[in-house]
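**Student:** attaching a predicted model along with its sequence, questions to come.
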Amino acid sequence: MDDTRYPCPACGAPADLSIGCTGCRRAPDPVAAEVVRLGREVAELEPQVEQARRTYTELAGRLTAVSRRRAELAAVVRAGVAAPVVGPVPRSAPTVVTDLAPGAAETSTRTVQGLLFVLGGLLLGSAAVVFTAVAWAAVGVGGRALILAAFTALALAVPLLAVRRGLGGTAETFAAVGLLLVVLDGYAAWSVDLAGVADWPGSRYGALVGGVSAAVAVAYGRFSGLTGPWFAALLGAQPVLPLLAAEARPDAAGWALVLLGVALLELAVVAALRGRPGTAQLAGRVVAGTGHVVALTGAAGCALVPLLLGRAAGTPLLAGVPLLLVALTALGAARLVGGAAVRTVAAGLLVPVLAVALLRPVAELRPSLLLLAAAVVALALAAAVRLLPAPARSEVPELEVPGSEVPGSEVPWSEVPDGGGWRRPRVGRWWSRRDG
């Protein structure tokens, strides 16, 4: 069939892609020719689609009938197996010897219930992810919202029932699935442009979803008493600040401040869990501490960029401020949760960082005064270190005995087991009560 001929859309006369319209002399119109060609193709495909639909309907009906018949026969077979056997047992029947006590089960009912609940939770989470990612376009907006809302409500209601039955692992699994569905609800709202959120920047909407998910996890954790929602809240809050800052496209100094905020959030979690016993609390401190170290390392890497470039926020005076803030945060974290060695190292690192932060603007603005400024800063830091209070030394307390003092000394005796007397060391010899 010739696909170059078509009726002229202006006058209806025959037209061709080579010469145009034969009536009004209109130029060739490839779009009109393509419309005609597609119309013929639609007419050819319609009967094929109808035939495929009839075939599918017929096969689906046969499948349903065969499945129903199979289920009926299987029920008959199971009923025959479960029926008691009447008559003597043949002597040749083998005897099965087991180590189990009479009437003992291979495993407890609670273990089987917990395993089935955990597997069900994993399957439910997988089904929700597949539905949201694959089958989303096949359902209308109302159906999408209804299905996801039902899934979320079901997944968040099951843990409350499981906790009452003592199924802690099952409750934790379904709570994780429910909180995952909260995030998927946010994606669903973005896909259907609920309340015009599709017009928002993606980073801002992602931060909103993360913040809402973290808030829901905190509220659900307090209400249910489970441990998993607290970890979900910690993970959900991680990208909020970076996503909010991504829209503004900050420079290296700005990213250093953003990562510093994330590090302070992690440090607050570590401080809140400090001193609390329990495996979950220990795991929370480890996760938050790891996040704090990672965020602080990233902030330090970003803070080196303005220090090397010689300016931050458009002025050389602030070139070393981001790195100084990182060092102060590290010192605060060391004093809060670190040992004596960690606090000493953090305080020692603060001195050169402070010196560099003070000298970098001088090197950028007045290079000729750099040596003089370095000498002044070194003297000032040395004097500041000398003025710091010395660490307190542990002293052995002395027990005062009234009326028993060393001759010529106002220092009281120290109680030292020495055959019935008190004595204390004096320069050059030991003075005892008997020496008096």
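**Tutor:** Cool, the structure landed.
**Student:** where does the chain have low pLDDT?
**Tutor:** Applying pLDDT under 70 to the chain flags the ranges 1, 83-118, 120-122, 124-145, 386-436.
**Student:** roughly how far apart are the residue nearest the centre of it and residue 337?
**Tutor:** Centroid-nearest residue in the chain, with Cα atoms, centre = their mean: residue 235, separated by 2.1 Å. Using Cβ to Cβ, to the nearest Å, residue 235 is found at 21 Å from residue 337. No exception for glycine: its C-beta is placed from N, CA and C like everyone else's.
**Student:** strands of the chain, start to end?
**Tutor:** Secondary structure of the chain by DSSP state E: the strands cover 5-7, 14-16, 20-21, 423-426, 429-432.
**Student:** which residues are contacting the third one?
**Tutor:** Taking Cβ atoms under 8 Å, 6 or more residues apart in numbering as the criterion, the residues outside strand 20-21 that touch it are 8, 10, 11, 13, 14, 15, 26, 27, 28, 29.
**Student:** which residues does residue 316 contact?
**Tutor:** Counting by Cβ under 8 Å, 6+ apart, residue 316 makes contact with 310, 360, 361, 364, 365.
**Student:** who wins for most neighbours among the residues you listed?
**Tutor:** Among those, the one with the most neighbours (other Cβ atoms under 10 Å) is residue 360, at 25 neighbours.
**Student:** looking at it, it is touching residue 322, isn't it?
**Tutor:** No. Counting by Cβ atoms under 8 Å, residue 360 stays clear of residue 322, with 11.3 Å between them.
**Student:** and for the two, which residues touch both?
**Tutor:** What both residue 360 and residue 322 touch, as defined by Cβ under 8 Å, 6+ apart, is the set residue 307.
**Student:** next, the buried residues of stretch 209-226.
**Tutor:** By neighbour count with 16 or more other Cβ atoms under 10 Å, stretch 209-226 contains the buried residues 209-214, 216-218, 220-221, 224, 226.
**Student:** what about those, which are in helices?
**Tutor:** Assigned to helices by DSSP state H, the following of the buried residues of stretch 209-226 qualify: 209, 210, 211, 212, 213, 214, 216, 217, 218, 220, 221, 224.
**Student:** wait, the fourth one sits on residue 185?
**Tutor:** No. With contact taken as Cβ under 8 Å, residue 212 and residue 185 are classed as non-touching, separated by 9.3 Å.
**Student:** elements contacting the longest helix out of those in the chain?
**Tutor:** Looking across the chain with DSSP H, the single longest helix is helix 30-82. Using 3 or more Cβ pairs under 8 Å, 6 or more residues apart in numbering; DSSP states H and E as the contact definition, the elements that helix 30-82 packs against are strand 5-7.
**Student:** go again with 10 Å.
**Tutor:** strand 5-7, strand 14-16 (3 or more Cβ pairs under 10 Å, 6 or more residues apart in numbering; DSSP states H and E).
**Student:** and those: which comes nearest residue 284?
**Tutor:** Across the helices and strands packed on helix 30-82, residue 284 has its closest neighbour in strand 5-7 (71.3 Å, Cβ to Cβ).
**Student:** what's the offset of that closest one from the middle of its chain?
**Tutor:** 61 Å (Cα atoms, centre = their mean, to the nearest Å).
**Student:** name the helices or strands packed onto it?
**Tutor:** Strand 5-7 packs on strand 14-16, helix 30-82, going by 3+ Cβ pairs under 10 Å, 6+ apart.
**Student:** ranking the ones you listed by burial, who's on top?
**Tutor:** Highest mean neighbour count of those: strand 14-16, a mean of 18 (counted as mean count of other Cβ atoms under 10 Å).
**Student:** run through who's touching that strand.
**Tutor:** If you take Cβ atoms under 10 Å, 6 or more residues apart in numbering as the criterion, strand 14-16 is touched by 2, 4-9, 21-29, 32-33, 36.
**Student:** just send the helices and strands packed on strand 5-7 back as CSV, with distance to residue 157 too.
**Tutor:** Output for the helices and strands packed on strand 5-7, formatted as CSV (distance: least, Cβ to Cβ, whole Å):
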stretch, distance to residue 157
strand 14-16, 66
helix 30-82, 31
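**Student:** compare these and give me the one nearest residue 200.
**Tutor:** Taking Cβ to Cβ, helix 30-82 is the member of these nearest to residue 200, at 36.3 Å.
**Student:** quick check: phi and psi on residue 200?
**Tutor:** For residue 200, the backbone dihedrals (degrees, to the nearest 10) come out as phi -70, psi 160.
**Student:** and for it, the neighbour number?
**Tutor:** Residue 200 has 14 neighbours, counted by other Cβ under 10 Å.
**Student:** surely it meets residue 194?
**Tutor:** No. Between residue 200 and residue 194 there is no contact under Cβ atoms under 10 Å: 11.1 Å.
**Student:** returning to what we had before: list buried members of the contacts of strand 14-16 by neighbour count.
**Tutor:** Neighbour counting by 16+ other Cβ under 10 Å classes 6, 7, 8, 21, 26, 29, 32, 33 among these as buried.
**Student:** dump these to a markdown table, plus distance to residue 204.
**Tutor:** Below are the buried ones among the contacts of strand 14-16 laid out as a markdown table (distance: Cβ to Cβ, whole Å):
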| residue | distance to residue 204 |
| --- | --- |
| 6 | 49 |
| 7 | 52 |
| 8 | 52 |
| 21 | 53 |
| 26 | 51 |
| 29 | 46 |
| 32 | 45 |
| 33 | 47 |
